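# let's see this in three dimensions:
(one chain, ligands or ions: 1)
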Amino acid sequence: MALSIGIVGLPNVGKSTLFTALTNQGGLAANYPFATIEPNVGIVPVPDARLDALAELDHPAKVVPATVEFVDIAGLVAGASQGEGLGNQFLANIRETDAIAEVVRFFGDPDVVHVAGAVDPASDVDTIKTELILADIATVEKALPRLEKEAKRDKAAVKKLEAAQKVLAGLNEGHRARTLGLDEEEMEALYDLHLLTSKPMLYIANVDEDQASADLPEIDGCKPVPISAKVEADLAELDEAEAAEYLEAMGLEESGLARLVREAYRLLGLQSYFTSGETETRAWTIPIGAKAPQAAGVIHTDFERGFIKAETASFEDYVALGGEKGCRDAGKLRQEGKDYVVQDGDVMHFKFNV
Ligand code: GDP
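Here you go, the predicted model:
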């Protein structure tokens, strides 16, 4: 179950260029077990140097990175919620993603026409925000008669109706569902509606090549992640060593893909832990705060159900002490029980019984 991010933005801001570049960089990873499923869906390995460090120690038969799925959602134009452009098709596509990344044009190139006539990030963000809010208003309005009917029959459904009315009022004032301060119960009541503006959102600033590490001002309360689609497209053509050289020459510490994924993990409260041995060295994605059984459950539900304990070393110890055996000998392989809160980078070995 890869983390799924929908890419949106006005036409001509560089969405397709970026999508193609990001998903081709995915092809670089060795033993990469996934392929593109649909033309607009790309599964990309999460860049993580720690995985390479572990593989160097354990020489596994394969290395499996965590993955992120990007969905290129073309065709959002002013009026999309009314059925302009790809309209409803577009909206159905983003409903299923965990987060939305909006590509915003910052690059200047006069040869590339801007749909609204001039490069104006704040105004572009506003246009898309309006479309997403309008789409959500339509969704809630459509659901209301049903929710009203249900609330008359069933007391439990009253909460749902009230949450929907509250969110509709907020949307009508131009606020995203996510910024309305809904409590957990209300969020849950509204879950079925898959409101677009209830999703976490990040902005990708598609900047000129020399701006790829720029510190950009906030738009709409969020710091955009600067990425040059051109630089990413170049990176996609290079092998690993060449890519590293190229980044250095550009004065960049990492690829835009790495930056984007890190930002998405932060936004969604996610982290990675590892399993490593002869057969496989692998990164797994879990929520920050997850306990050991929940982390085990990402591998297999049996691991969670029959969880006994997790032999755990920190990534730093594991590498410094030369792997599991070294950690055991040095007393750094902890026996953690079901209340252990997994830490980012933990290298874990689960004992279970079903
Ligand atoms: P989309 O409509 O948002 O998918 O935009 P495209 O990816 O098709 O890009 C629109 C045009 O902008 C194409 O001609 C791209 O080559 C160009 N473009 C995209 N990203 C950049 C960039 O970072 N710099 C420059 N100069 N041009 C870009």
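# where does the stretch 251-354 of the chain dip in pLDDT?
Within the stretch 251-354 of the chain, not a single segment meets pLDDT under 70.
# residue of it closest to the ligand, please.
Gly256 (10.3 Å; Cβ to the nearest ligand atom). (Glycine included, C-beta is placed from N, CA and C.)
# and the gap between that residue and Ala283?
Distance of Gly256 to Ala283, given as Cβ to Cβ, to the nearest Å: 20 Å.
# tell me which of the two has more neighbours.
Neighbour totals were compared for Gly256 and Ala283, and Gly256 leads with 26 against 21 (other Cβ atoms under 10 Å).
# burial of the residue nearest to the more buried one when sequence neighbours are not counted, as a residue count?
Sequence neighbours aside, Ile227 is the residue nearest to Gly256 in space, at 3.4 Å (criterion: Cβ to Cβ, 6 or more residues apart in numbering). Counted with other Cβ under 10 Å, residues neighbouring Ile227 total 26.
# I'd assumed Arg259 was in contact with Ile227.
Yes: counting by Cβ atoms under 8 Å, Arg259 is a contact partner of Ile227 at 6.9 Å.
# get me the contact residues on this protein for the ligand.
With the criterion set to Cβ under 6 Å from any ligand atom, the chain comes near the ligand through 9, 11-17, 107, 109, 112, 206, 228-230.
# the same query, at a cut-off of 5 Å, please.
Pro11, Asn12, Val13, Gly14, Lys15, Ser16, Thr17, Phe107, Asp109, Val112, Ala229, Lys230 (Cβ under 5 Å from any ligand atom).
# what's the burial count for the closest residue in space to the first one that isn't next to it in sequence?
By that I understand Pro11. Nearest non-adjacent residue to Pro11, counting by Cβ to Cβ, 6+ apart: Val115, 5.3 Å away. Neighbour count of Val115, defined by other Cβ under 10 Å: 13.
# check Glu56 too.
11.
# ok, Asp317 next?
Neighbours of Asp317 using other Cβ under 10 Å come to 17.
# that one: what's it in contact with?
Neighbouring residues of Asp317 by Cβ atoms under 8 Å, 6 or more residues apart in numbering: Cys327, Ala330, Lys332.
# redo that, cut-off 7 Å
Cys327, Lys332 (Cβ atoms under 7 Å, 6 or more residues apart in numbering).
# which helix or strand contains it?
helix 315-320 (DSSP states H and E).
# just the buried positions in whichever helix or strand comes after that helix, please.
Beyond helix 315-320 on the C-terminal side, the first helix or strand identified by DSSP H and E is helix 324-329. Neighbour-count burial for helix 324-329, counted by 16 or more other Cβ atoms under 10 Å, picks out Glu324, Gly326, Cys327.
# got the CA positions of helix 324-329 in PDB?
Presented in PDB, the C-alpha positions along helix 324-329 are these (Å, rounded to 0.1, in the frame of the first residue of the first chain):
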ATOM      1  CA  GLU A 324      22.500  -7.700  13.900                       C
ATOM      2  CA  LYS A 325      25.200  -9.900  15.400                       C
ATOM      3  CA  GLY A 326      27.400  -7.000  16.300                       C
ATOM      4  CA  CYS A 327      24.400  -5.300  18.000                       C
ATOM      5  CA  ARG A 328      23.600  -8.500  19.900                       C
ATOM      6  CA  ASP A 329      27.200  -8.900  21.100                       C
END
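# next structured bit after that helix?
Remark: after helix 324-329, the chain's next helix or strand is strand 334-336, criterion DSSP H and E.
# my guess is the residue of the stretch 251-354 of the chain closest to the ligand contacts Glu232. True?
Yes: shown here, Gly256 and Glu232 form a contact pair, counting by Cβ atoms under 7 Å, at 5.0 Å.
# which residues of the stretch 101-250 of the chain fall in helices?
Taking DSSP state H, counting those that start in this stretch to define them, one finds helices in the stretch 101-250 of the chain at 121-153, 156-172, 184-190, 229-236, 240-249.
# if I look at the residue in the stretch 51-200 of the chain that the ligand sits nearest to, how far off is Ala116?
Closest to the ligand within the stretch 51-200 of the chain is Asp109: 3.4 Å, counting by Cβ to the nearest ligand atom. Distance, Asp109 to Ala116, by Cβ to Cβ: 15 Å.
# what about the residue of the stretch 51-200 of the chain closest to the ligand, neighbour count?
Asp109: 12 neighbours (other Cβ under 10 Å).
# contact partners for Glu102?
Per Cβ under 7 Å, 6+ apart, neighbours of Glu102: Val8, Gly9, Val125, Ile128, Met201, Tyr203, Ile204.
# need the residues you listed in CSV (columns: pLDDT, distance to Ser213 and neighbour count).
Output for the contacts of Glu102, formatted as CSV (pLDDT from 0 to 100; distance: Cβ to Cβ, whole Å; neighbours: other Cβ atoms under 10 Å):
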residue, pLDDT, distance to Ser213, neighbour count
Val8, 88, 24, 26
Gly9, 88, 21, 25
Val125, 92, 21, 20
Ile128, 90, 25, 24
Met201, 92, 22, 23
Tyr203, 95, 16, 25
Ile204, 95, 14, 26
